[in-house]
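>>> I would like to see how this sequence folds:
(one chain, ligands or ions: 1)
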Amino acid sequence: MPHPETAAPPAPEPPPEAVAPLMRSLAVLRELAAGGGRQAVGDLVRGTGLARSTVDRVLSTLTRLGHVRIEGRDAVLAPRLLELGNAYLAACELPDRLGPLADRLADELDESVSLAVPDGDGVRFVHQATRRRAMSLAFRIGDLLPAERGAPGALFADDWAAADWERWRLRRAADPADAGFPAVPPRPPGAADDRSGDFVARVTAARSDGWSLDDQLIEPGLVAVAVPVRDASGRTVCALSVVSHTSRLSADALREAVLPRLRETVGAMEHALRAPAPAAEDAHGPAQASWMRASKQELGPEFVESMARGLITLTAFGAGRAALGLSAVAEATGLARATARRALITLEHLGYVATDGKLFRLTPKVLELGFAHLSGLTLPAIAQPHLAALVERVHDSASMAVLSGDDIQYVARVPTVRIMSVNITLGTRFPAYPTSMGRVLLAGLPEAERSARLALADLAPLTRHTVTDPERLAGLLARVRAEGYALVDEELEEGLRSLAVPVHDRDGHVVAAVNVSTHAGRCPADEARAAILPALRETAEAIEADLRVAGRYARIPAL
Ligand code: PHB
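Numbering: from 1, shown residues only. All right, here's what the predicted structure looks like:
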């Protein structure tokens, strides 16, 4: 999807020190994000206006960084790219400090609650505690609203200078349908707030009321009330919103119902903001420097170092590393000062970094680099490319399943030849006890829950090999736990062998299992294990690495 030309204000000339390859790679990432995370390479060439050879070099460098994946003719955003947005979110500290309070409010009210920050003349979400029913759209972390649509913008615009208002007017004139804001539905012609006076009036009212209302400014039915959260200096750093739907509450009824609790929570949030800064996260400087050399050696001209260095510069920032001087950035990234300086100048020119001349900070605009799309990925979507790579290696079908009651349920599958009598599709269920994925999932449960389930389970024989003795099964599960894998031969179906390992989330909980299934008659079990287990383990580790990045600030649904 090409960017709407009307929405882009004329770009100022880049400064002479700007690093052109870095600018190009960011243009490719933005284009991919605008296209929903996937674009044919040919369309990327058209959309960015870059030469095909340039796009190819950008993509091989981004692939090496783990930010992009190539699937056939398409380039696809990959979860590692979330490291850039994570650096901003960790540095700004808002999700870490305020997120738990927002989650508690959502639980209490049983409504969606969000935190959003000002971003130019827009509003960007940095935390979501979603209780969204089917009726309305849900915003993701990183999504951007125009300030005049939604509740938080009227609170932020109170701080705008004349130049900000001028930029806002120009944008409204150039993009009357909000095409530059893909997260919101197009503004219907003649919609409320089409005259700028409406927004100005809401800004004035929000200042005296201390709250701001969204009465279906985004889409019919969607209502929200927002309250500003201020830091110790009195500056509005973010807005806390409660969101509902007119089928439950009118905008005014929502405000009446939630304002007292909203204000109490903001009080607690403002207190949390005054707590001391967190200890500084470790930076990866030296490791990155040697990784960069190795990548250059391996890929030659297809690895554009200046581009990789520029992107790595963003990850110098993080928890306890919100404002860094040039030397600190150089040290954190392992880059020469001159290199870090040019990268920072480029990033500042593009709006991803702000500076007072001495210290540099990331801006919320960093989240525009694919964060909303990638933070919305589900566990199966994250697993799918890794399962496909596994199937390429072992030439047998691979799947992912989660526990659902006493069953396992398939959530991802990459088939080769069909060796089961039943056709496994997504959603297929089998009892957990006679399957390799079920045993891995049961073994991953807390001890008490595992024994309680075993005591209640109906262990029927499905083949002549099915283990149905509860004590024997408990022994097998203990072994699965100790060895980190399960191999099951012909207990679910004659002739079927399956090998599974667990997948852990950031906190170390087993959230899914991945398996490879083969013919039991093809070779002895030991041989199958030696041939498959290492690749299966590497697959689980690759999925876990993605989950660690993706799950830092977003909740990853299992389905
Ligand atoms: C949301 O969190 O989804 C949200 C917040 C404020 C609005 C609308 C939606 O005005």
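>>> From here on, just use CA atoms for contacts and neighbour counts.
OK.
>>> Provide a list of residues in contact with the closest residue to the ligand within the stretch 151-300 of the chain.
In the stretch 151-300 of the chain, the residue that lies nearest the ligand is A151 (3.8 Å; Cα to the nearest ligand atom). Going by Cα atoms under 8 Å, 6 or more residues apart in numbering, A151 touches S212, L213, D214, A224, V225, A226, S241.
>>> and the residue nearest to V510 when sequence neighbours are not counted, how far is that from F430?
Spatial nearest neighbour of V510, excluding adjacent residues (Cα to Cα, 6 or more residues apart in numbering): H504 at 4.4 Å. Per Cα to Cα, to the nearest Å, H504 is found 21 Å from F430.
>>> likewise V501?
Taking Cα to Cα, one finds V501 at 17 Å from F430.
>>> more neighbours, those two?
V501 (29 against 19; other Cα atoms under 10 Å).
>>> Can you read off the pLDDT for the residue of the stretch 151-300 of the chain closest to the ligand?
Confidence at A151, expressed as pLDDT, is 97.
>>> re earlier: run through the contacts of A151 and flag the ones next to the ligand.
Residues of the contacts of A151 in contact with the ligand (Cα under 6 Å from any ligand atom): D214, A224, S241.
>>> Of those residues, grab the buried ones for PyMOL.
What follows is the PyMOL syntax selecting those of those that are buried according to 16 or more other Cα atoms under 10 Å:
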select buried, resi 214+224+241
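>>> before we move on, what SS does M23 have?
Classification of M23 using DSSP: H, G, I helix; E, B strand; the rest coil returns helix.
>>> For it, list the residues it contacts.
Neighbouring residues of M23 by Cα under 8 Å, 6+ apart: T346, L350.
>>> quick one: secondary structure of the nearest residue to V516 once chain neighbours are set aside?
Nearest non-adjacent residue to V516, counting by Cα to Cα, 6+ apart: A398, 4.5 Å away. Here A398 is recorded as strand under three-state DSSP.
>>> and A398, what is it in contact with?
Neighbours of A398 in contact, by Cα under 8 Å, 6+ apart: L387, A388, L390, V391, R413, V414, P415, V514, N515, V516, S517.
>>> Just the ones in strands from the residues you listed, please.
R413, V414, V514, N515, V516, S517 (DSSP state E).
>>> pLDDT score for the second one?
The reference is to V414. Reported pLDDT for V414: 95.
>>> residue contacts, it?
V414 neighbours (Cα under 8 Å, 6+ apart): Q384, L387, A388, V391, S397, A398, S399.
>>> for these, which one is nearest the ligand?
Out of these, the member with the shortest distance to the ligand (by Cα to the nearest ligand atom) is Q384, at 28.3 Å.
>>> And the contacts of V414, which two are furthest apart?
Across the contacts of V414, the longest distance by Cα to Cα is 12.3 Å; it joins Q384 and S397.
>>> Show me whatever sits in contact with both of those two.
R413, V414.
>>> Look at those two and report which has more neighbours.
S397 (22 against 19).
>>> Quick check: the more buried one touching A412?
No - using Cα atoms under 8 Å, S397 is not in contact with A412; the gap is 10.9 Å.
>>> Quick one: residues in contact with stretch 271-282.
Taking Cα under 8 Å, 6+ apart as the rule, stretch 271-282 contacts R97, L98, D231, A232, G318, A319, G320, R321.
>>> okay, those in a markdown table with pLDDT next?
Rendered in a markdown table, the data for these read as follows (pLDDT from 0 to 100):
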| residue | pLDDT |
| --- | --- |
| R97 | 97 |
| L98 | 98 |
| D231 | 95 |
| A232 | 92 |
| G318 | 96 |
| A319 | 95 |
| G320 | 94 |
| R321 | 95 |
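>>> out of these, which are inside helices?
R97, L98 (DSSP state H).
>>> Assumed R464 was part of a strand.
No - counting by three-state DSSP, R464 falls outside a strand, being coil.
>>> Quick check: chain neighbours aside, which residue is closest to it?
E491 (7.3 Å).
>>> that older thread, let me know the closest of the contacts of V414 to T363.
Nearest member of those to T363, counting by Cα to Cα, is Q384, at 31.9 Å.
>>> how about the closest one, what does it touch?
A412, R413, V414.
>>> backbone phi and psi for the residue of the chain found nearest the ligand, please?
Nearest residue of the chain to the ligand, counting by Cα to the nearest ligand atom: G150, 3.2 Å away. When read as degrees, to the nearest 10, the backbone of G150 gives phi 110, psi 160.
>>> isn't it right next to V203, touching?
No - between G150 and V203 there is no contact under Cα under 8 Å: 11.9 Å.
>>> quick one, which of those two is more surrounded?
Shown here are G150 and V203; by other Cα under 10 Å, G150 has more neighbours (26 against 23).
>>> can you pull the contacts of the more buried one?
L213, D214, L217, I218, A224.
>>> For the third one, pull up the helix or strand it's in.
Pointing back at L217 there. For L217, there is no enclosing helix or strand under DSSP states H and E.
>>> ok, now which ones touch the closest residue to it other than its chain neighbours?
Distances taken as Cα to Cα, 6+ apart put R149 closest to L217, at 5.2 Å, once the chain neighbours are dropped. Shown in contact with R149 (Cα under 8 Å, 6+ apart): D214, L217, I218.
>>> Apply 10 Å and report the result again.
Residues in contact with R149 (Cα atoms under 10 Å, 6 or more residues apart in numbering) are 122-123, 178, 184, 187, 192-193, 199, 214-219.
>>> Secondary structure class of G36, three-state.
coil.
>>> Can you tell me, leaving aside adjacent residues, what's nearest to it?
Nearest one to G36, counting by Cα to Cα, 6+ apart, is H373 at 6.6 Å.
>>> I'd assumed A33 was in contact with that neighbour.
Yes - contact criterion Cα atoms under 10 Å: H373 and A33 qualify, at 7.0 Å.
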